[in-house]
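In: predicted model follows, preceded by the sequence.
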Amino acid sequence: MESKKKMTILIVIALIIVITAISLRVLDSNEVPTSIEGDQTNDGSGEVGVTIIQSGVEDKLANNPEGSSA
Amino acid sequence: MKFSKEDAISYVAVLVIVVSLASIGIQFTGYATTDDSATVNVTITTSAAINFTVDLVDFGTGSVNNGSAGATLATGANLSEADGTWTGTKSALTLENIGNVNVTLNLSANAAAQAYLGGTDPLFQYKVTDNETDACGGVAGTYANFTTGDGVLVCSPLDFDNDRDKINIDIKLYIPSDSNVGTQTATITATGTYDA
């Protein structure tokens, strides 16, 4: 009976230590997978604006002194 | 000496404990790390993208001076010397390659000079220059008329390197005295293509 109890304790300890060893192996992973997807957006347009107003009517008489006409 | 079944199992358990402890010890001490390796994977896909960082040239409101056949407005120039009443100095459009691949660049507009401004012999032109040295391959650096459709090849290539991926697009208009009146707006389209 005594030897059976010892055996059970040994098996339990062995299982705990095996699980610990395997866990440490799995956690010791240095692989860092990283993926960068490209951005395909494309803003390829600009604008040119100008506002054109009509020229004022030129007053040619203003530069023409009275009686100077031939 | 006779081994019982319990004894045999106990010896096996002790052996498992010893091996497991040895494995844990190797990991903590680094004793067996000479062939340990790490891997970093990175996948970068090709991205072709261009962006107008300055996307508007607004010359404002004005008229052609009386007696002049027309007014010439250009970015980077003093507009008060344009034979018109426009004032100030406007900046050129700026285009940047924001992708990670060189592109071949074409420029076009939705309207050429006659449709855009009207009148007698109007002009609607662009001039491409490097904003950053060596950005634009085969850069002409002189004014040329805008065209519609597929446009005109202006850079072959426009580089993607951050130190040389930016160009200026200067705009010049000649507004004849008999041009259209009102607000006139043209859209300029830059098209970048690359070999996949």
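Out: Perfect, I can see it now.
In: how many neighbours does residue A:51 have?
Out: 16 (other C-beta atoms under 10 Å in any protein chain shown). For glycine as for every other residue, the C-beta is placed from the backbone atoms N, C-alpha and C.
In: secondary structure element for it, which one?
Out: If you go by DSSP states H and E, residue A:51 is part of strand A:45-52.
In: in its sheet, what does that strand sit against?
Out: strand B:56-62 (parallel), strand B:182-193 (antiparallel) (DSSP bridges).
In: figure out how far the last one is from the centre of its chain.
Out: This points to strand B:182-193. Its chain's C-alpha centre and that of strand B:182-193 lie 17 Å apart, by C-alpha atoms, centre = their mean, to the nearest Å.
In: ok, now stretch B:146-165?
Out: With C-alpha atoms, centre = their mean, you get 10 Å for stretch B:146-165.
In: in chain B, where's the longest helix?
Out: helix B:5-29 (DSSP state H).
In: so it, near chain A or not?
Out: Yes: for helix B:5-29, a contact with chain A is found by C-beta under 8 Å from any C-beta of the partner chain, at B:6-7, B:9-10, B:13-14, B:16-17, B:20-21, B:23-24, B:27.
In: pLDDT averaged over stretch B:109-126 - what is it?
Out: Stretch B:109-126 shows a mean pLDDT of 96.
In: typo on my end, it should be stretch B:38-48
Out: 83.
In: over to residue B:106. Which of the three states is it?
Out: strand (DSSP: H, G, I helix; E, B strand; the rest coil).
In: confidence score at it?
Out: Residue B:106 is given a pLDDT of 91.
In: that one is in contact with residue B:150, isn't it?
Out: Yes: counting by C-beta atoms under 8 Å, residue B:106 touches residue B:150, with 6.3 Å between them.
In: quick check, nearest of the residues of helix B:5-29 next to chain A to residue A:12?
Out: Of all the residues of helix B:5-29 next to chain A, residue B:13 has the smallest distance to residue A:12: 8.8 Å, by C-beta to C-beta.
In: overlap in contacts, residue B:106 and residue B:150.
Out: residue B:191 (C-beta atoms under 8 Å, 6 or more residues apart in numbering or on different chains).
In: the more surrounded of these two?
Out: residue B:106 (20 against 10).
In: in the sheet, who's paired with that one?
Out: In beta-bridge terms (that is, DSSP bridges), residue B:106 pairs with residue B:153, residue B:191.
In: list the contacts for it?
Out: Per C-beta under 8 Å, 6+ apart, neighbours of residue B:106: B:150-154, B:190-193.
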